[in-house]
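>>> This is a predicted model, with the sequence first.
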Amino acid sequence: MKKLLSVALFFVLALNTPVSAKPKGKPDNGVKYTIIEADALSVTASVGTADEPLKTYKINDSTKVQIDGLAANARDLKGGMVAFIKLSGDNLTAVSIDASDPKRSSKKKK
């Protein structure tokens, strides 16, 4: 009986524990890229490793863009910005782009 109770308790705890708990304040925003260029219809970015080719993703009206935590338009994205790009199921279209401008961030700290 004790063994059965122990096994049952184990499964209850295991099923209630998240498999991949995300750190607080770190939402799953996709892969981190450095933006090379962007316009209203696409964003071209680099993962940052020499052996990885540049990636170009479509941007559409439903793509959510943020820069430094504020809502923005795709045309506001600039080369050199660091961005987390979350892709749609086709891996061709950006669902969301959460970018930060390292130049702007360094000016704020001064």
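On my side now, so go ahead. Residues are numbered from 1 along each chain as shown.

>>> do you know how far residue 89 is from residue 95?
Distance, residue 89 to residue 95, by Cβ to Cβ, to the nearest Å: 9 Å. Heads up, the C-betas are built off the backbone N, CA and C, glycines and all.

>>> Give the residue from the two that has the larger number of neighbours.
Comparing residue 89 with residue 95 by other Cβ atoms under 10 Å, the one with more neighbours is residue 95, at 17 against 7.

>>> so that one touches residue 65, yeah?
No. Applying Cβ atoms under 8 Å, one finds residue 95 not in contact with residue 65, separated by 10.6 Å.

>>> Are there residues contacting both of these two? Which ones?
Any residue near both residue 95 and residue 65 by Cβ atoms under 8 Å, 6 or more residues apart in numbering counts here, and not one turns up.

>>> And the strands in this structure?
Along the chain, counting by DSSP state E, strands occupy 31-38, 42-46, 55-58, 64-67, 70-72, 82-87, 94-100.

>>> Let's have those strands in a markdown table, adding mean pLDDT.
Shown next, in a markdown table, are the strands of the chain (pLDDT from 0 to 100):
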| stretch | mean pLDDT |
| --- | --- |
| strand 31-38 | 92 |
| strand 42-46 | 95 |
| strand 55-58 | 95 |
| strand 64-67 | 97 |
| strand 70-72 | 96 |
| strand 82-87 | 94 |
| strand 94-100 | 96 |
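
>>> so what's residue 31 up against?
The contact partners of residue 31, by Cβ under 8 Å, 6+ apart, come to 47, 84-85.

>>> of all the residues you listed, which comes closest to residue 78?
residue 85 (14.7 Å; Cβ to Cβ).
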